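# turn this into a structure:
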Amino acid sequence: MKIHLLVCNLSLFMIVFFFSSHFALAQNSEALPQAHITKELYIMFDENVSQNTKVFEADILELHLATIEQANRFFGFFNDASVQFETNIITQKVIITLVPNAEKQNWTIQNWASYLKRKVTTQRQQFGTYIDFTKK
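This is a model prediction of the structure:
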């Protein structure tokens with residue numbers, strides 16, 4: 001009888017833990033400020049947030065990334081020590097985390113957008129054409 005009660009309590013605890021952690025994760029992803037990726041592949045951030053905001057979420061549905069490998073190749077171009085991307089191919093969302101170093105400590109959201117835009121512009125100037133970063 002004690003074993004049965006222990007198993008029931010443990011099962012109930014696991015169910016409650018699963019739902020509470022799932023609910024907390026869902027709330028966190030909904031609360032993130034938005035970014036979007038333009039047709040030119042520039043990443044633009046919501047400028048109506050605090051300049052201290054360093055984590056954004058963007059919809060990647062229009063990029064037509066079918067696999068995590070394609071997403072990793074695309075965002076691998078932008079990824080560096082200052083900017084990290086965490087792609088969820090199932091939800092078609094990407095979490096963008098800005099990681100300022102000493103030089104970028106006081107950057108505004110506009111500075112970060114310009115930084116990422118320059119990366120795309122520089123790459124296009126080197127190749128002289130529109131680049132499909134998913135096939136890099």
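# how about the strands in the protein?
Applying DSSP state E to the chain gives strands spanning 34-37, 43-45, 55-59, 83-88, 93-98.
# list the buried ones in the fourth one?
Residues 83, 85, 87 are the ones in strand 83-88 that count as buried (16 or more other C-beta atoms under 10 Å). Where you see a C-beta, it was placed from the backbone N, CA and C, and this is true even at glycine.
# ok, of those residues, which one's closest to residue 100?
When the buried residues of strand 83-88 are ranked by distance to residue 100 (C-beta to C-beta), residue 83 comes first, at 9.9 Å.
# thought that closest one was touching residue 116?
Yes - the criterion here is C-beta atoms under 8 Å, and residue 83 meets it with residue 116 at 6.8 Å.
# just the strands of the chain: most buried one?
strand 43-45 (a mean of 21; mean count of other C-beta atoms under 10 Å).
# what pairs with that strand, parallel or antiparallel?
Next to strand 43-45 in the sheet, as set by DSSP bridges, lie strand 34-37 (antiparallel).
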